[in-house]
Structures are given as C-alpha cells and as structure tokens.
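Participant: need coordinates for the following:
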Amino acid sequence: MPSFKIDTSTAVVFVATPPTPKLVSKQTGEIAIDRETGAPLATVGLLVADDGEGNLYQVTVPNTGVPEKLAPGTPVTVVGLKARDWENTFNGQTRHGISFRAVAVTPLGA
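Facilitator: Below you'll find the predicted structure:
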C-alpha cells in the first residue's frame, strides 16, 4: 500500500507518551524489527498541533532515531513522517486504520 508524507513544518509537536518497544506479540514479548535497517522499533505518542487543531499520533520509529530519555512534554521535530492505511482480518473480524512511521524524533535544539 502507498504511504503519504506528512508535512509538520508549520506544526508544534510535543512528546505525549515516552518511547516503548513495539511488540510483534504481547504473549511472547518479541520486539518488532525494521525490515530495512534491522533496528528494533519503538512507538512514541506525539501531540501534533496545527491550524488550531491538535491530534495524538502513535508513531513507529527505529530505536536509532529515538534519543534516550525522551520525556512527555518535550518539544520535538519529526523527520520523515509518513501515514499508511492498513486493514487486516482476524477471527472473522476486519479491522482498519492508519499507521504512522517516522525516521527520527529529535528534541528541538538538539
């Protein structure tokens, strides 16, 4: 499926939830791996405010693109943010949504 670039150049972006490992399976605790780089993946909650509207996005980022001690409330820039729609069927139920992926999340001024 195609992905779409998201322009955050005019947005104010803050960390809402700190990075946590992205799991393949909660039962096994297996951490998801980036297919291109082999780096473990993390999920970071970001509050993106633009044009008088704020949204919370759960963004997947390779661990190599997430600095240590990225705390809630930290203003950040997001490098290479993209959105992709997804759909899957499990046990006869179809689910769908939009996933967000970035190359890096860096504190402002870093």
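
Participant: can you pull the contacts of residue 79?
Facilitator: Shown in contact with residue 79 (Cβ atoms under 8 Å, 6 or more residues apart in numbering): 65, 102, 103, 104, 105, 106. For every residue, glycine as well, the C-beta is placed using N, CA and C.

Participant: the last one contacts residue 76, doesn't it?
Facilitator: Yes: when contacts are counted by Cβ atoms under 8 Å, residue 106 is listed as touching residue 76 (6.1 Å).

Participant: more crowded one of these two?
Facilitator: Neighbour tally, residue 106 and residue 76, criterion other Cβ atoms under 10 Å: the higher count belongs to residue 76, 23 against 15.

Participant: quickly find the element holding that one.
Facilitator: In the assignment (DSSP states H and E), residue 76 maps to strand 76-79.

Participant: just checking, which helix or strand succeeds that strand along the chain?
Facilitator: strand 82-90.

Participant: off-centre distance for that next one?
Facilitator: Chain-centre distance of strand 82-90: 14 Å, with Cα atoms, centre = their mean, to the nearest Å.
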